[in-house]
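> Mind looking at a prediction? Sequence and model below.
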Amino acid sequence: MCESCDSNSAANTHDRRRFLRFAGLGAGALLIAGVLPDRLLHAAEKTAAPPKPQNAISPDQALQRLVEGNERYVSGNSKTHDFKDEREALVSGQNPFVAVLSCSDSRIAPEYAFDTARGDLFAIRIAGNFVTGEGLASLEYAVAVLGAPLILVLGHESCGAIEAGIKAVKDHAVFPGHIQKLTDALKPSIEKVLKQPGALMENATVQNVKDSVGSLKQATPLLTDALDKGRLKIVGGIYRLATGKVELIA
């Protein structure tokens, strides 16, 4: 390679690194972009202090923190958060300790339910809380780039999407617009529990969460790699509307 070409190549690499850095992406994003070699990833992570050091915890610690936050929420003893200081601390980036795939239902607010502050919880919401391609990509980003050590799939009682899915399965109901796509996505979980004893709505809600957790645990390569290395835990839970309690089921 000529000296001029080599110089241009070095300049281009420098420009790409500077662009990604100023875009607010961390070492994980640089690795995914093909700019940062794998052998330098951990060195870069060690030198870059996370915006919220208290969120740099293990998967088990993250789960325990989530459970404790829900207990405070249920008891009515949620913390008072200083949003001004949190905004300033998070200008440079984010490192949430949990990513939550939950339903879009307006009664379900994960940030409140787990008494989390700004920058603690990375939320993906879709009616029926099932895994889509876009949702999976968002969760991969949370884990591989932002370093989230925990994923929670959060279902809830009286889910309208699950109810519609049951009608589609049992009564062959057809829904307008794109709503039918929701019911089609939920059908496999509902069909698994049609003949089970107990309330179909509850059984289908639980099965949908379990199926989503199972799907994420098999999502290669980013999530499976993090799971294999002990850097990630994936769990499922059901939110009880009357109490706000989240029961872990998977």
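Perfect, thanks for sending it. Just so you know, these numbers come straight off a predicted model, no measurement behind them.
> What's opposite residue 246 in the beta bridge?
Beta bridges link residue 246 to residue 239 when assigned by DSSP bridges.
> Contact partners for it?
70, 113-114, 154, 237-240 (Cβ atoms under 8 Å, 6 or more residues apart in numbering). (Each C-beta comes from the backbone N, C-alpha and C, glycine too.)
> Model confidence score at it, please.
Note on residue 246: pLDDT of 98.
> Repeat that for residue 6.
At residue 6, the predicted lDDT confidence score is 46.
> Same question for residue 225.
Reading off the model, residue 225 has pLDDT 97.
> Which strands or helices does the helix or strand that it is a member of pack on?
Per DSSP states H and E: residue 225 is located in helix 222-228. Here helix 222-228 touches helix 133-144, helix 200-217, strand 233-239, going by 3 or more Cβ pairs under 8 Å, 6 or more residues apart in numbering; DSSP states H and E.
> got a markdown table for those, with distance to residue 127, mean pLDDT and mean neighbour count too?
Below are these laid out as a markdown table (distance: least, Cβ to Cβ, whole Å; pLDDT from 0 to 100; neighbours: other Cβ atoms under 10 Å):
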| stretch | distance to residue 127 | mean pLDDT | mean neighbour count |
| --- | --- | --- | --- |
| helix 133-144 | 12 | 98 | 18 |
| helix 200-217 | 12 | 98 | 20 |
| strand 233-239 | 14 | 98 | 22 |
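> Quick check: buried residues in the strand or helix carrying residue 74?
Counting by DSSP H and E, the secondary-structure element that holds residue 74 is helix 59-75. By neighbour count on 16 or more other Cβ atoms under 10 Å, the buried set for helix 59-75 is 59, 62-63, 65-66, 69-70, 73-74.
> Grab the CA positions of it and hand them over as CSV.
C-alpha atoms of helix 59-75 as CSV (Å, rounded to 0.1, in the frame of the first residue of the first chain):
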residue,chain,number,x,y,z
PRO,A,59,-27.1,-10.7,36.9
ASP,A,60,-28.0,-12.1,40.4
GLN,A,61,-27.4,-8.8,42.0
ALA,A,62,-29.6,-7.1,39.3
LEU,A,63,-32.4,-9.6,39.9
GLN,A,64,-32.3,-9.0,43.7
ARG,A,65,-32.3,-5.3,43.2
LEU,A,66,-35.3,-5.6,40.9
VAL,A,67,-37.2,-7.7,43.5
GLU,A,68,-36.4,-5.3,46.3
GLY,A,69,-37.6,-2.4,44.2
ASN,A,70,-40.9,-4.1,43.5
GLU,A,71,-41.3,-4.8,47.3
ARG,A,72,-40.9,-1.1,48.0
TYR,A,73,-43.5,-0.3,45.2
VAL,A,74,-46.0,-2.8,46.6
SER,A,75,-45.6,-1.4,50.2
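> how far does the helix or strand just after it sit from the chain's center?
Moving toward the C-terminus from helix 59-75, the next helix or strand (DSSP H and E) is helix 83-89. When C-alpha coordinates are averaged (Cα atoms, centre = their mean, to the nearest Å), helix 83-89 and its chain have centres 22 Å apart.
> before we move on, back to that, touching the helix holding residue 225 from outside, list them.
139-140, 143-144, 151, 216-218, 232-234.
> can you list the buried residues of helix 59-75 in TSV and add distance to residue 108?
Output for these, formatted as TSV (distance: Cβ to Cβ, whole Å):
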residue	distance to residue 108
59	23
62	20
63	19
65	19
66	15
69	15
70	12
73	12
74	14
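> Out of those residues, which is nearest to residue 97?
Of all these, residue 97 sits closest to residue 62, with 4.7 Å by Cβ to Cβ.
> Of all the helices and strands packed on helix 222-228, which one comes closest to residue 184?
Nearest of those (Cβ to Cβ): helix 200-217, 13.2 Å.
> about what we covered before: got the buried residues for the helix holding residue 225?
Buried positions in helix 222-228, judged by neighbour count with 16+ other Cβ under 10 Å: 222-223, 226-227.
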